[in-house]
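Undergrad: Sequence unavailable; structure follows:
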């Protein structure tokens, strides 16, 4: 006889828009925590192509091409397709349907006032021509999260309003249909959710051209590090430097495994007499060592893209099973189970 | 050898929100023309439960219960499930997915300025609390129409902006993805698109409680006709009456098969000396004769609701096949056919 399973694994939903290859900022902000989460949780990682289309509607080629690239990045850093379900969002029909039901439970005005959306509209300069699909993407995200009944959603601080919107919809849905199909999810915010760019700007991103990609060649990595922004007031080697003003040290904080060596380096930099070139050399050693096995694994998987697509297909099939089951419960709760219930209908 | 099929039937998409049983206004405005269209066209009739939920989100029971009622009304008036595909909207996943892609091709502002939506918001007193799902229903309608590649969409005059919105999305989609997957549709406006209510108000509707339903009993029909509004200035039998001011005559215009008898009646009414009771008696004869076979057929089908649900299931299966094929073409055009194309992906 087999004992009852006492431990129910927590469910995690996370993912990325496939709009470019992933960089070390992604590693620090999300990929690293996924490697931990997959050991203890039931993790679903979504390649959010449908979401990417909300502001790339006219460039589906970019989205399409980056699906394989993002999948390669996942596998390269060690996301294990046995432990983690990697799937493609647009191939999961229940997500679209659930979005539609949620849209009936949120007002037009509420969507307009979502703080994340408001900031993104400003950042991207959309203003007048904002696509309806973009405005409703928080609702589509709520559908993603709830369709998998995720307990935990790793997000950056700036995405917290999305979790609020999701939990609001969970309450509205459960209340409207007198059900407990859905439960609230918790945001998991990472300590370092965002790595600054090579140019010292707040955010590392492909569009700002200030990123080190997981797939960069050793030469390119060296070149990028050499050209990095550092403390602008540290013009002469003998001057005292400001560790906090130099993204080179921020990167070392994230990647240097030798903490005492790093502490030593910081002290010398603060005191004066330590040139940026030396610090950058250390960062280069550290990042090359960190990225080499990742690049090797990436090259290995890249040799057989069909095998990678097979992994995505299997994950997508699994995700369809899970979300289809949720949708059955959703339709039951709403009374839309026309053909499956005992009495087909009556007035 | 079989000759090439030269005649391609035009495709018609039409349907009703299942929020109540259908009345003689529906017959005049749409059901009648469907009986003609099914002989010459490939007709799809949608029971639009998902659309009904956009403003009945908290009353899915009403929507659910009326699915069978509306289906019974269809079959009762002679919509033939061999000639017409009757299906349930929410059970067609491609409609939700296509809606999502279309939402990326229309601006938030454009949706706000849809004249039909603006009028409906005023009529229903939504104003501030308007659900997002309601605001986007023109896009969902565009998805319904295009997923079936409908050539013809029968609509009332007030729904013409919906057809405009659809054809706009067709142009945007074909342009954005350099394709001709979709073609424009044409609105088919019926001569009498709307029957006045029993109370003389512009519109016959369940919520205004001024309708004769296809399923009303003979006694109820008599009672409703006796209580009908007619020319308010025709207070004495000997006075001249105004035919145009009396909905009793409007109904006779639609249903009386004996045109010369009706013409005679109108002349007498205009001249004076003909009481409203006599005109109503004629309308009662005419409507009872018209509705009796419909009610008989309705009762016949109502005895076996499972058979009706089987008809809906079959139609829904057929609708899924058709729209799934469209979705394959849509995904090909957008380059989202990740697993079906020869080269899976690359950058």
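TA: It's in. Predicted model only: the values in this text are computed from it and were never measured.
Undergrad: The residue in the stretch 151-300 of chain A positioned nearest to chain B: what's its closest spatial neighbour, skipping adjacent residues?
TA: The nearest approach of the stretch 151-300 of chain A to chain B comes at residue A:176, 4.9 Å away (CB to the nearest CB). Backbone N, C-alpha and C define where each C-beta goes, glycine included. Excluding the flanking residues, the one nearest residue A:176 by CB to CB, 6 or more residues apart in numbering or on different chains is residue B:58, at 4.9 Å.
Undergrad: count of residues packed around the one you found?
TA: 14 (other CB atoms under 10 Å in any protein chain shown).
Undergrad: Over to residue A:176?
TA: Around residue A:176 there are 17 residues (other CB under 10 Å).
Undergrad: do residue A:285 as well
TA: Neighbours of residue A:285 under the rule other CB under 10 Å: 12.
Undergrad: According to the record, where do the domains of chain A fall?
TA: A:11-195+A:305-334, A:218-300 (automatic domain parsing).
Undergrad: End to end on the first one, go ahead and measure it.
TA: The first residue of domain A:11-195+A:305-334 is 24 Å away from its last residue (CA to CA, to the nearest Å).
Undergrad: the strands in the stretch 151-300 of chain A, which residues?
TA: A:152-155, A:186-189 (DSSP state E, counting those that start in this stretch).
Undergrad: Of all those, which one comes closest to residue A:91?
TA: Nearest to residue A:91 among these is strand A:152-155; the distance by CB to CB comes to 20.7 Å.
Undergrad: for the record, mean pLDDT for that closest one?
TA: Averaged over strand A:152-155, pLDDT sits at 94.
Undergrad: Please identify the most buried of the domains of chain A.
TA: Comparing the domains of chain A by mean neighbour count (mean count of other CB atoms under 10 Å in any protein chain shown), domain A:11-195+A:305-334 comes out on top with a mean of 20.
Undergrad: Roughly how far does residue A:159 sit from residue B:259?
TA: 69 Å (CB to CB, to the nearest Å).
Undergrad: how about the domains of chain A, which one is nearest residue B:84?
TA: The closest of those to residue B:84 is domain A:11-195+A:305-334. By CB to CB, the value is 25.0 Å.
Undergrad: Distance to residue A:9 added to the strands of the stretch 151-300 of chain A, as JSON lines?
TA: As requested, these are arranged in JSON lines below (distance: least, CB to CB, whole Å):
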{"stretch": "strand A:152-155", "distance to residue A:9": "11"}
{"stretch": "strand A:186-189", "distance to residue A:9": "15"}
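Undergrad: could those go into TSV alongside distance to chain B?
TA: Below are the strands of the stretch 151-300 of chain A laid out as TSV (distance: least, CB to the nearest CB, whole Å):
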stretch	distance to chain B
strand A:152-155	21
strand A:186-189	23
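Undergrad: Can you say which of the ones you listed is nearest to residue A:102?
TA: Ranking the strands of the stretch 151-300 of chain A by proximity to residue A:102 (CB to CB) places strand A:152-155 first, at 15.8 Å.
Undergrad: re earlier: of all the strands of the stretch 151-300 of chain A, which one is nearest residue A:127?
TA: strand A:152-155 (25.4 Å).
Undergrad: what about that closest one, distance to the chain center?
TA: 9 Å (CA atoms, centre = their mean, to the nearest Å).
Undergrad: With stretch A:173-190 instead?
TA: Worked out by CA atoms, centre = their mean, stretch A:173-190 lies 21 Å from the chain centre.
Undergrad: Next: stretch A:329-339.
TA: Centre-to-centre, stretch A:329-339 and its host chain are 32 Å apart (CA atoms, centre = their mean).
Undergrad: what does stretch A:77-85 give?
TA: Mean-position distance between stretch A:77-85 and its chain equals 15 Å (CA atoms, centre = their mean).
Undergrad: And the contacts of it?
TA: Defining contact as CB atoms under 8 Å, 6 or more residues apart in numbering or on different chains, one finds that stretch A:77-85 is touched by A:27, A:31-32, A:34-35, A:38-39, A:43-45, A:75, A:86, A:214, A:294, A:297, A:311, A:314-315, A:318-319, A:322.
Undergrad: got it, and stretch A:88-95?
TA: Against stretch A:88-95 from outside (CB under 8 Å, 6+ apart): A:15, A:46-51, A:53, A:67, A:140, A:143-144, A:147, A:312, A:316, A:319-320, A:323-324, A:326-327, B:93-94, B:96-97, B:336, B:338.
Undergrad: Could you do stretch A:179-194 as well?
TA: A:12-13, A:25, A:28-30, A:32-33, A:145-146, A:149-157, A:159-160, A:163, A:166-167, A:170-171, A:173-174, A:202-204, A:253-254, A:326, A:329-330, A:333.
Undergrad: ranges for the helices of the stretch 51-200 of chain A?
TA: A:60-77, A:93-103, A:108-112, A:115-124, A:132-135, A:137-147, A:160-176 (DSSP state H, counting those that start in this stretch).
Undergrad: Least confident of those, on average?
TA: Looking at those, the bottom one is helix A:115-124 with a mean of 84.
Undergrad: Return the distance of that one from the chain's centre.
TA: So, by CA atoms, centre = their mean, the centroid of helix A:115-124 is 18 Å from its chain's centroid.
Undergrad: Which neighbouring elements make contact with it?
TA: helix A:132-135, helix A:137-147, helix A:160-176 (3 or more CB pairs under 8 Å, 6 or more residues apart in numbering or on different chains; DSSP states H and E).
Undergrad: and the shortest one with chain B, contact?
TA: I take that to be helix A:132-135. Yes - against chain B, helix A:132-135 shows contacts by CB under 8 Å from any CB of the partner chain at A:132, A:133, A:134, A:135.
Undergrad: ok, the last one - contacts?
TA: It refers to residue A:135. Taking CB under 8 Å, 6+ apart, one finds A:111, A:112, A:117, B:108 in contact with residue A:135.
Undergrad: Surely the first one touches residue A:136?
TA: So the one you mean is residue A:111. Yes - Residue A:111 lies in contact with residue A:136 (CB atoms under 8 Å); the separation is 6.3 Å.
Undergrad: Overlap of the contact sets of these two?
TA: residue B:132.
Undergrad: what ranges do the helices span in the stretch 201-347 of chain A?
TA: A:218-226, A:247-255, A:259-271, A:276-302, A:305-334.
Undergrad: follow-up on the earlier one: and the helices and strands packed on helix A:115-124: which comes nearest residue A:277?
TA: Using CB to CB, the nearest of the helices and strands packed on helix A:115-124 to residue A:277 is helix A:160-176, at 39.7 Å.
Undergrad: Tell me the confidence at residue A:192?
TA: Looking at residue A:192, its pLDDT reads 65.
Undergrad: Report the contact partners of residue A:43.
TA: A:11, A:12, A:14, A:34, A:37, A:83, A:84, A:85.
Undergrad: Looking at those residues, spot the one nearest residue A:275.
TA: residue A:34 (36.7 Å).
Undergrad: ok so, going back, contacting residues around the residue of the stretch 151-300 of chain A closest to chain B?
TA: A:105, B:57, B:58.
Undergrad: Can you flag which of those belong to strands?
TA: Within the contacts of residue A:176, no residue falls in strands by DSSP state E.
Undergrad: Kindly indicate which of the residues of helix A:132-135 next to chain B lies nearest chain B.
TA: Comparing the residues of helix A:132-135 next to chain B against chain B with CB to the nearest CB places residue A:133 closest, at 3.7 Å.
Undergrad: Pipe the helices and strands packed on helix A:115-124 into JSON lines and attach distance to residue A:304 per row.
TA: Shown next, in JSON lines, are those (distance: least, CB to CB, whole Å):
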{"stretch": "helix A:132-135", "distance to residue A:304": "34"}
{"stretch": "helix A:137-147", "distance to residue A:304": "29"}
{"stretch": "helix A:160-176", "distance to residue A:304": "36"}
